[in-house]
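[1] what follows is a predicted structure for the sequence shown.
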Amino acid sequence: MKVYPRTSVSEFLNDFIVYRNLTPLDKRIPSLDDVRARADVPVGITPRKSQDAYARVIVQLLQAARVLDAPDDAIERLIYIGDTRLNDGTAFVNIARAGDWPGLAFIASEKSQPLPPEIIEKDTPSACSLYLANTWAAIDNFEQFCRERNFPIDEHTAIIVDIDKTTIGARGRNDHVINQVRVEAVRRTVEHLLGADFDADAFQVNYAELNQTEFHHFTTDNQDYLAYVCLILGSGLYSLGLLVESIRTGQIGSFEQFIASVDDAADQLPPSLGDIHRSIYTRVQAGDPTPFKAFRRNEYLATIERMGCLDDDASVDDLLANEIVITQEVREAALRWKAAGALLFGLSDKPDEASLPTDELAAQGYQSIHRVETHALGGISD
C-alpha cells in the first residue's frame, strides 16, 4: 500500500452528506422534517439506516440533490459502497426498492488473503445485486462488473458512499482506530464525571464485558447506553457481576428497564451524577437514540484528534495503527464517478453530535469530520 497526500472526504462529496439526524449539510437539500409527509415518516421519529422509512427519506434527498447540479437528468440507477453485508446491504436494497431503481452494491472488508467476490442477487422489483469482496482494491473489479451488467455510471446514476469504516477507517484495514476512539471517548466521559472515584482498570473490565455480542440485546449495540452503564457501574450503584447475572437471568431485559431501576435509586447517586442521570433518562423516555450528549461530544473531539495526526513521512504501518485514514481505493473511484457525471452522496449513521462541532468549537475553527484533512492510504493506481 501507498500513502497519499492529505485530503478530506469533502473532496468528492462536498456537503452532500447526512449523519444520523438526516439533516443534509448542504442546506439546499431538504431535511427529514421537510420530506416527512412525502416519505411517510411520523413526526418525532428519526428512522435508522436499516428501516424502510429511512430508505424513503434517502430517495427524497437523492432526488433533491440531483436537481441541484443536473436538473434535466433523473436518477435511473443506484450504486452503493459500504462495508457490512447486513446493515449496508439492507439499506441498499431498501433504497433501491423505494426509488424503483436497479442497483449494484460493493461491500468490502479487508482480509489477509484475497478471494473471488461473492455475488448475491436480490429479489426486488428492480434488479439488485451485492458484490461482496474481501479487499478494498476489488472496487476496480466492481467497475468492470458494472460494465458487464450494462450498468453505466453516468449522470443518471446515484452513488451512495458509506462514510464510517468505508470511506474512512476501512473495515478490516483501519477500522480498529475508530473503535479505539469510541472507547477513549467513553473513558474520558466517565472519568470526567466520576473524578477521583474513577477506576481505570475497572472501567476497562466493565466496558470490555458489556461490549460483547452477548449483551447487544441489552445495550442494542448503542454506545450511548454502554457509556451510561459504565458510568453507573463506576458510581458503585451496581456491580458488574450483579448486572451481568440480572441480564442473563432475564431480571433486567432491556436498557430501558435498567435506567428505570437506576432512577428509582437516584437519590443514592452523588448530586452531579444525579443531574446527568436525569438528563439522560429524560432523553431516553423521549426516544432520543443518542441521549448521552457529553459522550458524543467527546467522541467528536477524540475522532478529530486521530485524523491527520501523524507526520507525512509516517510509515504505512504507523498510519494504519494510529490514524483514521481515507480509503484511497474508494477515493479514486469516487473521483472517477464524479467526473463521469454521477451523483455522489454520503451516508453516516454516526450521530451528528459526534460528527459536527458545537457552535463554540466551530468559532475556534473546528470542522465537521468530513472536512478534516487526513492521509489517504491504499493500493497504488495504474
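    That came through, no problem.
[2] what distance do you get for Ser315 to Gly172?
    19 Å (Cβ to Cβ, to the nearest Å). Heads up, the C-betas are built off the backbone N, CA and C, glycines and all.
[3] more crowded one of the two?
    Neighbour count, other Cβ atoms under 10 Å: between Ser315 and Gly172, Gly172 has more, with 16 against 10.
[4] next one: phi and psi at the more buried one?
    phi 80, psi -10 (degrees, to the nearest 10).
[5] contacts only, for it.
    Ala108, Ser109, Glu110, Lys111, Asn134 (Cβ atoms under 8 Å, 6 or more residues apart in numbering).
[6] try it again with 6 Å
    Contacts for Gly172 (Cβ atoms under 6 Å, 6 or more residues apart in numbering) come out as Ser109, Glu110.
[7] next one: Leu377
    Counted by Cβ under 6 Å, 6+ apart, Leu377 has contacts Met1, Val3, Leu319, Val325, Gln328.
[8] now, the residues you listed that are in helices?
    Applying DSSP state H to these, the entries found in helices are Leu319, Gln328.
[9] for Ser272, helix, strand, or coil?
    helix (DSSP: H, G, I helix; E, B strand; the rest coil).
[10] ok, for it, nearest residue in space, not its chain neighbours?
    Nearest residue to Ser272 in three dimensions, chain neighbours excluded: Leu193, at 6.9 Å (Cβ to Cβ, 6 or more residues apart in numbering).
[11] what values do phi and psi take at that neighbour?
    Residue torsions, per degrees, to the nearest 10, at Leu193 are phi -80, psi -30.
[12] ok, Asp224 next?
    Per degrees, to the nearest 10, the backbone of Asp224 is at phi -60, psi -50.
[13] make sure it is actually in contact with Thr290.
    Yes. Between Asp224 and Thr290 there is a contact at 5.2 Å, judged by Cβ atoms under 6 Å.
[14] quick one on the thing from earlier: which among the contacts of Leu377 gets closest to Pro116?
    Ranked by distance to Pro116 (Cβ to Cβ), these are led by Met1 at 21.2 Å.
[15] quick one, helices of the stretch 101-250 of the chain?
    In the stretch 101-250 of the chain, the segments counted as helices under DSSP state H, counting those that start in this stretch are 139-148, 175-194, 200-210, 216-219, 223-235, 240-248.
[16] now do the last one and helix 223-235, the angle between them.
    For helix 240-248 and helix 223-235, the angle between their directions (axes from the mean of the first three to the mean of the last three Cα atoms, to 10 degrees) works out to 140 degrees.
[17] equivalent analysis for the first one, please.
    Computed with the same axes, to 10 degrees, the direction of helix 139-148 lies at 150 degrees from that of helix 223-235.
[18] who touches helix 139-148?
    Leu104, Phe106, Tyr131, Glu329, Ala333.
[19] between these, which has the most around it?
    Going by other Cβ under 10 Å, Phe106 tops the contacts of helix 139-148 with 29 neighbours.
[20] who's that residue bridged to?
    Ile81, Tyr131 (DSSP bridges).
[21] pretty sure it sits against Asp83.
    No. Contact status for Phe106 versus Asp83: not in contact, 9.7 Å apart, counting by Cβ under 6 Å.
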